[in-house]
Structures are given as structure tokens and as C-alpha cells.
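Engineer: predicted model and sequence below, questions to follow.
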Amino acid sequence: MSGTVGTGRLRRGLTARAARIVFAADLDTELPYLTEIDQAHLVMLAERGLVDPRAAAALLREIGALRAADFGPLRDRPAPRGTYLMYESHLIERLGAEVGGVLQTGRSRNDVKATTHLLRARLLVDRLRRELLRLQAVLLSRARTYRQVVMPAYSQFQPATPATYGWYLLGVATALDRDLATLAAVDLSRCPLGAAGGGGTDVPIDPARTAVLLGFTDQVAHAGAAIASRGELLRLLSAAALIGVTLSRLATDLQLWSTPEYDLVEFGDQLVGSSSAMPQKRNPFLLEHVKGGAGALIGAWTAAMATTKNTPFSNSVEATTEAVAPVWNGLSTVDNMVQLTISVVAGASPRPAPMLTAAEQSYTAATALANSLVRHGVPFRSAHTAVGTVVTDLIAERAGGFTARTAADLAARLGAVLGTPVELSDADLAPAAVVAATEHGGGPAPASFQAAHDQLTASWRAQVTDVLRAADHLHQARIRRAAAVDTLQATVLEPVR
């Protein structure tokens, strides 16, 4: 059997054009996972007495040789019915139908494909979590370094209240911590092997054994759901899109703050590009890649969901092939975005003097000034109106902020508006003093900042531990599988040929 003709039900294969479109081989993506599955499956079949141990050992040796040769013998081989059947036909040609033909015992291409998807996703998620934790570490470190660099916090692109650059970065780290938790919550622990074509099998296989050998912690529970659903992959893409949105918002702020109009953040030469026509320009274009990547992620999620919508809840090419395709591109995109963001956040330098000037000249202490009047018995709405009136006057005078006037002068102005004497101190006016007083509600004051930083650091350590534990679990599964393969081969002196 060469794999170039149809099955027993079909006398002819697809046309060359159709086969090229729907069965394009991707050996480097598919075969490493497929051969891992086959190793576990053959060990289980031999242990259960479902295939001759000599046949299983012969297949394992051939599979091992293919892996050692980086699948070289398969690279120029036609695959008119896809990688899976091309690979199987190679084994049959090498070992004969009596040996190579037993590989499919008790399973289907459907449950193998579902398992391949989870194995691939598992590795990509491990990498993405590691990169996100690297970004978290950078954010936490930079947040601590710049926790006293005063700047405006912005609301609707307008200066709002005094904050610090470190506190801003800590806010982004807080959002990413939640995104990380969403990513980690996607359950990739259940092995689909055993579901066969979607109805289970009457062959007395041991799905728990193959699950363990492949590093899963649970076996298939419902064959139909295992084949019909790619919900875990859709959830991964959803989590990736959330991460992308968070990163894009950070990128938007940094790009805006790096403009000459803001002049709050600057980037070294290694993080910007020049213009082919305008020699004065320094373009922080890496941030645009991050922002654009978020749009691509949203598009990938939309495509995957829209393709899955209204498909039958059973094996379906739309749900298990076409809807899955955007997942891999999406996870690759968000991985690139995270790496670019690590570089940009680590290399971004805040400009303390312009930041403080912006906080002072944009009257960010106005709310704190109104609150100081409240502490002296003035209703907040009256205090709000009085401070707003004084700010309007100072802007008309081009005063350049509260600190350009004395506390006594401002007290007199407020008293005139309110019709009652007002007492103020410099602590009511300086942005740094306002920051130091914001101990409540998660503000940027030292104690509040430290509490949030400690909490996030503890969460980061827990996530690192979880990632390392998961990686060790997979490592131990690989050791168990290799040992089982070696044991089976060692017990068979004369493999069947």
C-alpha cells in the first residue's frame, strides 16, 4: 500500500489539487507529537496483550529510527491523504501489513488528532507562561525602582491625579496577573485517546495507561465530547486575546508618553527606528507591533469562534481543523508580543523632571485639595465647585500649577468662593505629598504600594512554582515512556519482520 490510492470504501483518492489544499503535510509540527502518541499506544497495546509484543517492539524500533533521523525518510514522500496516513503507510512498507497494520488498533485518526492538539498546546502554553512570568518579573522590578517617580495618572487622556511611574507599572502587572491566572486555568489535563472515532471502542484498551505515559493526569470521560469539542483551544485563544489587549493598552500609553508633546518616557536607540525620509524622527515602532498583534489576536479568536459556531457537536472538519488553525498563529503572536514588551518595558526610561512638572502644572492635586476642605467641614460638592473655580482662574492667569502660588494665597481664593475662612498647608498642594497620603483604596502611597507589590510577588512565585511543577511532571512522563519502550524492546529478542 503506497497511500496514493483510496481506502477499501473508495477506489480512488482525491484529486491532486484538493489533496494539496486539505492534506498539506507539516512534518515538523505533526510527527513529533504523533510518534510520542504511538510510543505510548504501542506500549499499552502490548501490555494489554492486544498486539504481539514482537510487532510492537518492531514498530517502536522503526519509530525510534525515524525520530533519530529527524523524519528524513518521510520528507520527500507524497502525502495524498495527509501526514498521518503517509507515516503509517511507510511503517507498513517497512514492516509489512501484519506488523505495521496493527498501529491503529483501538483508536482512530480522530482521537489521535485531538491528542496531538493538546500535546502541541501544552508546550506552547508552557512557553507562553514562562515568557509572561519574565515580563511580570521585569514589571515588578521596574515598579519598585520607580515607585517614587511622581507623574500624573491619566483619565481619558487627561491628567487626573498624582501617581508614580512605578505604581502605573504595578497596575499593569496586576492586570497581567489576572490574565496569567486565566491562561493557567485552561484544563489540558484530560487525554482524548480512547475516544476513537467519537464513540469509544470495544477493544479493551487502557486509556489511563496511555494518559500517564503522555503526561496527562486524567483519561477520556466522554468519547463524543473528546472528539467534538476543541473548547480548551478556544479558551486558550481567548486568554491570549485578553493578554494581547492588556499589552496593547500598555503600548498605547508608552507610545503616547514618548512623544515630544508629553516627553515623559524615552527609549534607547535599540528600541526605536528611524524614518527613510525624515531624519529627525525616532519611531518607537516596536510598540506598534504590540498594538497590532492585539488586533490579530482578536481576529484569530473571532475566526475560531465563528468557524465553530453552528457546527454539529461531533467530528467536524470545521470545528477540529479549520477552527483550530487560528489558535496556533494566535499563540505565536502573543508570544512575540510578550517578548517585545519585555524589551520595551526594560528599556523604557522615565523622565522624572518632566513627569513632576506635568503633575504640578496640570493641577493633579485638585481632588486632594477638595478633600482637605471636606476635612474642615465643607461638603464635597461645594469643595469641588470651589476648587474648580480657583483652577479656572489660575489657568487664566497662566499660573503653572498650585505650587506656583502660596498656600495662603490659595486659601484666600477658596475662602472667597466659599464665603468662609479656609486653612491650607503646602502638603495640600504638592503632588509628591498627595501621593504619600494615598494610603487607602490601592493608591500609590508607600505602604499601599508595598502591600500590592508583596501580593503580586507572592502570586508570581506561586505561578513560577506551578510552571516548574508542570514541566517536571511532563519530564517524568517522558522518562516513564522511554523506560516502558526500552523494557518492551528488551523483552523481545527477535522482532517480527
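Structural biologist: That came through, no problem. Numbers count the residues shown, from 1 in each chain.

Engineer: I'd like the distance between Asp428 and Leu119.
Structural biologist: Using Cβ to Cβ, to the nearest Å, Asp428 is found at 61 Å from Leu119. For glycine as for every other residue, the C-beta is placed from the backbone atoms N, C-alpha and C.

Engineer: quick check: which element contains Leu242?
Structural biologist: When elements are assigned from DSSP states H and E, Leu242 belongs to helix 231-257.

Engineer: tell me who's in contact with His90.
Structural biologist: When the contact criterion is Cβ atoms under 8 Å, 6 or more residues apart in numbering, the partners of His90 are Pro73, Leu74, Arg77.

Engineer: part of a helix, is it?
Structural biologist: Yes: using DSSP: H, G, I helix; E, B strand; the rest coil, the assignment for His90 is a helix.

Engineer: what's the distance between it and Thr83?
Structural biologist: From His90 to Thr83 the distance is 11 Å (Cβ to Cβ).

Engineer: Val464 now?
Structural biologist: Where Thr83 is concerned, Val464 sits at a distance of 36 Å (Cβ to Cβ).

Engineer: of the two, who's got more company?
Structural biologist: Thr83 (21 against 15; other Cβ atoms under 10 Å).

Engineer: in this protein, which helix or strand is least confident?
Structural biologist: helix 16-22 (a mean of 61; mean pLDDT, DSSP states H and E).

Engineer: next helix or strand past that one?
Structural biologist: Following helix 16-22 toward the C-terminus (DSSP H and E): helix 27-47.

Engineer: let me see the contact set for Leu180.
Structural biologist: Leu180 makes contact with Arg129, Leu132, Leu133, Gln136, Gln463 under the criterion Cβ under 8 Å, 6+ apart.

Engineer: buried ones in stretch 393-411?
Structural biologist: For stretch 393-411, burial by neighbour count (16 or more other Cβ atoms under 10 Å) applies to Leu394, Ala399, Gly401, Phe402, Thr403, Arg405, Ala407, Leu410, Ala411.

Engineer: what is the neighbour count of the closest residue to Gln148 other than its chain neighbours?
Structural biologist: In this structure, Gln148 finds its nearest non-sequential neighbour in Thr164, 6.1 Å apart by Cβ to Cβ, 6 or more residues apart in numbering. As a burial measure, Thr164 scores 27 neighbours (other Cβ under 10 Å).

Engineer: from Gly72, how far off is Thr164?
Structural biologist: Distance of Thr164 to Gly72, computed by Cβ to Cβ: 58 Å.

Engineer: equivalent analysis for Ala225, please.
Structural biologist: Ala225 is 38 Å from Gly72, by Cβ to Cβ.

Engineer: those two: which is more packed in?
Structural biologist: Ala225 (16 against 11).

Engineer: could you check the angle helix 27-47 makes with the strand or helix carrying Met86?
Structural biologist: When elements are assigned from DSSP H and E, Met86 belongs to helix 82-95. Orientation of helix 82-95 against helix 27-47 (axes from the mean of the first three to the mean of the last three Cα atoms, to 10 degrees) gives an angle of 50 degrees.

Engineer: and the helix or strand just after helix 82-95, what's buried?
Structural biologist: Beyond helix 82-95 on the C-terminal side, the first helix or strand identified by DSSP H and E is helix 97-100. Using 16+ other Cβ under 10 Å as the test for burial, helix 97-100 gives Val99, Gly100.

Engineer: okay, the helix holding Met86 in CSV with CA atoms only?
Structural biologist: Provided in CSV are the C-alpha atoms of helix 82-95 (Å, rounded to 0.1, in the frame of the first residue of the first chain):
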residue,chain,number,x,y,z
GLY,A,82,-2.2,13.6,5.0
THR,A,83,0.8,13.2,7.3
TYR,A,84,-0.9,10.6,9.5
LEU,A,85,-1.6,8.0,6.8
MET,A,86,1.6,8.7,4.9
TYR,A,87,3.6,7.9,8.0
GLU,A,88,1.5,4.8,8.7
SER,A,89,2.0,3.6,5.1
HIS,A,90,5.7,4.0,5.5
LEU,A,91,5.7,1.7,8.5
ILE,A,92,3.6,-0.9,6.7
GLU,A,93,6.0,-0.8,3.7
ARG,A,94,8.9,-1.2,6.1
LEU,A,95,7.5,-3.9,8.3
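
Engineer: spit out the contact partners of Val172.
Structural biologist: Val172 neighbours (Cβ under 8 Å, 6+ apart): Leu139, Thr246, Arg249, Leu250.

Engineer: in a helix, it, correct?
Structural biologist: Yes: remark: Val172 belongs to a helix, assigned using three-state DSSP.

Engineer: check what pLDDT it gets.
Structural biologist: At Val172, the pLDDT value in this model is 98.

Engineer: ok, now how distant is the residue nearest to the spatial centre of the chain from Ala121?
Structural biologist: Geometric centre of the chain, nearest residue: Ala240, 4.3 Å, by Cα atoms, centre = their mean. Computed with Cβ to Cβ, the distance linking Ala240 and Ala121 is 11 Å.
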